[in-house]
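**Q** next comes the sequence, and after it the predicted model I'd like to discuss.
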Amino acid sequence: MVKNLFSSVISQEEKKENGGSVEFQVVSFTNKIRRLTSHLELHKKDYLSQRGLRKILGKRQRLLSYLSKKNKMRYKELITKLDIRESKTQ
């Protein structure tokens, strides 16, 4: 399972200090998204999980757009670390 794929991106000390930071939230949402995606590959008709996935995707997208407006360098670094695509609407 893909449960803790990016746990090494943010160290344990940073988790304690910056648990509410935008980067930490985006990393945790990305972990949830990847876990739900692998779940939905097996269970195609799990519509509640599909809805949860769409909600988490929206939350992550809003956080990423906030970060891109506030600090473009941190946004670019986070996008490259997590290997996710850049938003089309910026």
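**A** Noted; the coordinates are in hand.

**Q** tell me the helix or strand right after the strand or helix carrying L63.
**A** Element membership of L63 [criterion: DSSP states H and E] is helix 47-70. Next in sequence after helix 47-70, counting helices and strands by DSSP H and E, comes helix 72-82.

**Q** pop out the phi and psi values for N71.
**A** Backbone torsions for N71, taken as degrees, to the nearest 10, come to phi -150, psi 100.

**Q** how many neighbours does it have?
**A** Per other Cβ atoms under 10 Å, the neighbour tally for N71 reads 13. Quick note: C-beta positions are derived from backbone N, CA and C, even for glycine.

**Q** now do it against E23, distance only.
**A** Distance of N71 to E23, given as Cβ to Cβ, to the nearest Å: 10 Å.

**Q** how about the residue nearest the centre of the chain: what's its closest non-neighbour residue?
**A** Geometric centre of the chain, nearest residue: T30, 2.5 Å, by Cα atoms, centre = their mean. The spatially closest residue to T30, leaving aside those adjacent along the chain, is L82, at 5.3 Å (Cβ to Cβ, 6 or more residues apart in numbering).

**Q** wait, that neighbour sits on V26?
**A** Yes: using Cβ atoms under 8 Å, L82 makes contact with V26 at a distance of 7.2 Å.

**Q** who's more crowded, those two?
**A** Using other Cβ under 10 Å as the criterion, L82 and V26 rank with V26 on top: 24 against 19.
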